[in-house]
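In: Sequence first, then the predicted structure, then my questions.
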Amino acid sequence: MNGPSGLQQHAAQLQLQGTRLYRTANGKVKPRRLPFQPNASSNLRSGAYSHQQQLSSCSSIPAAQPSTNCLPPGRHYCCTSSSFSTTSSGSSSPQQQRRATACAAAAGDRSQPVASSLADSMQQLLAALDALYRFSRPHTMLGTFVSIVSVSSMALGSAAWSAAALTGLCQALVAALLMNVAIVGINQVYDVEIDKVNKPYLPLASGDLSMQQAIGIVAATAALSLLLGVLSGSPALLATLALSLLLGVLYSMELPFMRWKRSPWLAALCILAVRAVMVQLGFFLHMQHALGVTGGVTGGNFIVTRPLGFTMSFMLLFSVVIALFKDLPDVKGDTQAGVQTFSVRHGTKIVFWTCVGLLMAAYAGGIVFALTSPEPWSRLPVALGHAALAALLWGRSAKVNVGRKGELTEHYMFVWKLFYAEYLIIPFLR
């Protein structure tokens with residue numbers, strides 16, 4: 001029992017009983033049950049071993065539970081009411097290793113609330129970001145982004161991207177994307193009951209975002225957008241942002257002479273005004289203003305160029321299609337809410353093929369525009385681009401079952417992809 005292995009085994013048996021070992025006058029080692037004294041320590045030396053009481057941190061640990069204040073195997077033991085440590089230059093015994101494992105497990109158990117709290121906080125943050133992402137209606141954000149970049153490039157013409165041009169582009173992008181969030185947010189606030197039927201995945205309809213939070217996001221993004229418009233010093237940018245917000249309010253708010261979405265004609269007018277006119281004209285003028293400040297190629301003078309005229313005309317037809325197509329998957333909820341969209345009035349099949357026909361006509365116009373371009377290098381990419389998009393549209397449309405909401409929703413998102421693709425062609429217009 002006086003050897004290293006026997007001493008360690010005996011210590012392991014006694015450590016949960018509130019005892020400690022001591023050496024008698026004749027050199028024998030015996031257990032003694034003593035009350036725990038936080039500041040007391042006694043050293044018992046035998047060869048390469050020493051035993052001492054640990055600090056009071058062990059006193060708060062319940063009986064039969066290892067301490068979280070343990071050190072590596074072969075170095076320390078910690079008991080309930082008294083503790084001892086074993087310092088050895090040799091290897092650890094199995095009992096020491098088991099004791100160390102128990103101590104590590106206890107330390108892990110005590111750290112679990114902290115780890116769990118961090119995990120919960122991280123999960124809440126990710127959930128909030130996901131709700132904000134869905135609230136922003138990402139497909140509209142992407143549409144706004146590509147349209148501003150494309151129209152700005154068209155306004156720039158053959159000139160190089162200067163610091164003034166990049167500054168003007170950044171001003172337009174940040175302000176417009178903030179306003180985009182505000183406008184789609186207003187629509188969700190006033191359409192929450194309809195969205196519970198048509199779009200239950202949206203954060204307000206699903207309960208992932210409260211009404212107070214949604215209103216706060218709308219107010220903050222609208223205010224920041226208008227502030228950026230003022231600070232930019234660009235009348236065209238500020239007017240585009242303010243008029244877009246006004247039309248968003250008229251379209252969605254349930255107030256006298258508002259809620260224009262109830263009228264299919266007024267609803268279409270709102271979308272046409274923003275997507276076909278204000279985006280093209282407003283951001284084109286804003287970029288000219290940015291260039292004119294430093295004596296750019298346009299000199300700050302407004303010129304309705306041939307590409308700008310075609311782009312506005314093309315997007316006029318495309319905006320009609322988006323205005324009509326967006327209501328195709330929502331017939332059930334709109335009917336229950338008494339919203340008389342064209343899809344509710346005339347049926348999904350007629351509206352669906354009307355949209356396809358309008359887009360095919362727009363692509364045919366794009367091909368004609370390309371073939372009559374004064375710049376030979378512009379003809380081939382513009383003509384082939386529109387022909388390819390027309391072929392994709394016809395092929396996908398022929399496979400859609402207009403009686404299935406899921407297929408209509410998927411095709412509507414495909415139309416948005418065609419919308420993005422058109423803005424990739426616009427910089428090649430001449």
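Out: Yep, that arrived.
In: Which helix or strand contains the spatially most central residue of the chain?
Out: Nearest to the geometric centre of the chain sits Tyr133, at 4.0 Å (Cα atoms, centre = their mean). Using DSSP states H and E, Tyr133 sits within helix 94-135.
In: returning to that earlier point: in contact with the residue nearest to the centre of the chain, which residues?
Out: Listed by Cβ atoms under 8 Å, 6 or more residues apart in numbering, Tyr133 has no contact partners. Quick note: C-beta positions are derived from backbone N, CA and C, even for glycine.
In: and the helix or strand just after the helix holding Tyr133, what does it pack onto?
Out: Downstream of helix 94-135, the next assigned helix or strand under DSSP H and E is helix 138-156. The elements that helix 138-156 packs onto, with contact taken as 3 or more Cβ pairs under 8 Å, 6 or more residues apart in numbering; DSSP states H and E, are helix 163-190, helix 283-293, helix 306-325, helix 405-425.
In: what's the closest of the ones you listed to Ser373?
Out: Ser373 lies closest, by Cβ to Cβ, to one member of the helices and strands packed on helix 138-156: helix 306-325, at 8.3 Å.
In: The next helix or strand after that closest one: which residues count as buried?
Out: Later in the chain than helix 306-325, the nearest helix or strand by DSSP H and E is helix 331-337. Using 16 or more other Cβ atoms under 10 Å as the test for burial, helix 331-337 gives Val331, Gly333, Asp334, Ala337.
In: Go ahead and confirm Leu317 touches Ala361.
Out: Yes: with contact defined as Cβ atoms under 8 Å, Leu317 and Ala361 form a contacting pair (6.7 Å).
In: What does the pLDDT read for Pro62?
Out: At Pro62, the model reports a pLDDT of 44.
In: again, but for the one 10 residues further on
Out: Each residue has a pLDDT score; the one for Pro72 is 44.
In: Quick check: which of the helices and strands packed on helix 138-156 is buried the most?
Out: Most buried of those, by mean neighbour count (mean count of other Cβ atoms under 10 Å): helix 283-293, with a mean of 24.
In: Which strands or helices does it pack on?
Out: When contacts are defined as 3+ Cβ pairs under 8 Å, 6+ apart, helix 283-293 packs onto helix 138-156, helix 163-190, helix 235-252.
In: what angle separates the shortest one from helix 163-190?
Out: Think helix 235-252. Helix 235-252 runs at 10 degrees relative to helix 163-190, counting by axes from the mean of the first three to the mean of the last three Cα atoms, to 10 degrees.
In: Show me what helix 235-252 packs onto, helices and strands only.
Out: Looks like helix 235-252 contacts helix 163-190, helix 211-232, helix 264-271, helix 283-293 (3+ Cβ pairs under 8 Å, 6+ apart).
In: which parts of that helix are buried?
Out: Result for helix 235-252 [16+ other Cβ under 10 Å]: buried residues 236-242, 244-245, 247-252.
In: so how far is stretch 131-147 off the chain centroid?
Out: With Cα atoms, centre = their mean, to the nearest Å as the basis, stretch 131-147 stands 10 Å off its chain's centre.
In: got the buried residues for that stretch?
Out: The neighbour-count check on stretch 131-147 (16+ other Cβ under 10 Å) flags 131, 134-137, 139-147 as buried.
In: Stretch 383-398 too?
Out: Here stretch 383-398 shows Ala383, Gly385, His386, Leu389, Ala390, Leu393, Arg396, Ser397 as buried, counting by 16+ other Cβ under 10 Å.
In: Make TSV out of the helices and strands packed on helix 283-293 and add mean pLDDT and distance to Leu429.
Out: Shown next, in TSV, are the helices and strands packed on helix 283-293 (pLDDT from 0 to 100; distance: least, Cβ to Cβ, whole Å):
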stretch	mean pLDDT	distance to Leu429
helix 138-156	91	7
helix 163-190	95	18
helix 235-252	94	21
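In: tell me the contacts of Leu243?
Out: By Cβ under 8 Å, 6+ apart, the contact list for Leu243 reads Ala273, Met278, Gly282.
In: residues touching the residue lying closest to the second one once chain neighbours are set aside, list them.
Out: If you skip the residues right next to it in sequence, Met278 has Thr240 as its closest partner in space, 5.2 Å away by Cβ to Cβ, 6 or more residues apart in numbering. By Cβ under 8 Å, 6+ apart, the contact set of Thr240 is Ala176, Gly229, Met278, Val279, Gly282, Phe283, His286.
In: now with 7 Å?
Out: Neighbour list for Thr240: Met278, Gly282, Phe283 [criterion: Cβ atoms under 7 Å, 6 or more residues apart in numbering].
In: Val218 now?
Out: Shown in contact with Val218 (Cβ under 7 Å, 6+ apart): Ala182, Gly185, Ile186, Val189.
In: Phi, psi for the nearest residue to Thr348 once chain neighbours are set aside please.
Out: Once flanking residues are discounted, Thr348 sits nearest to Val402: 4.8 Å by Cβ to Cβ, 6+ apart. Phi and psi for Val402, reported as degrees, to the nearest 10, are phi -70, psi -10.
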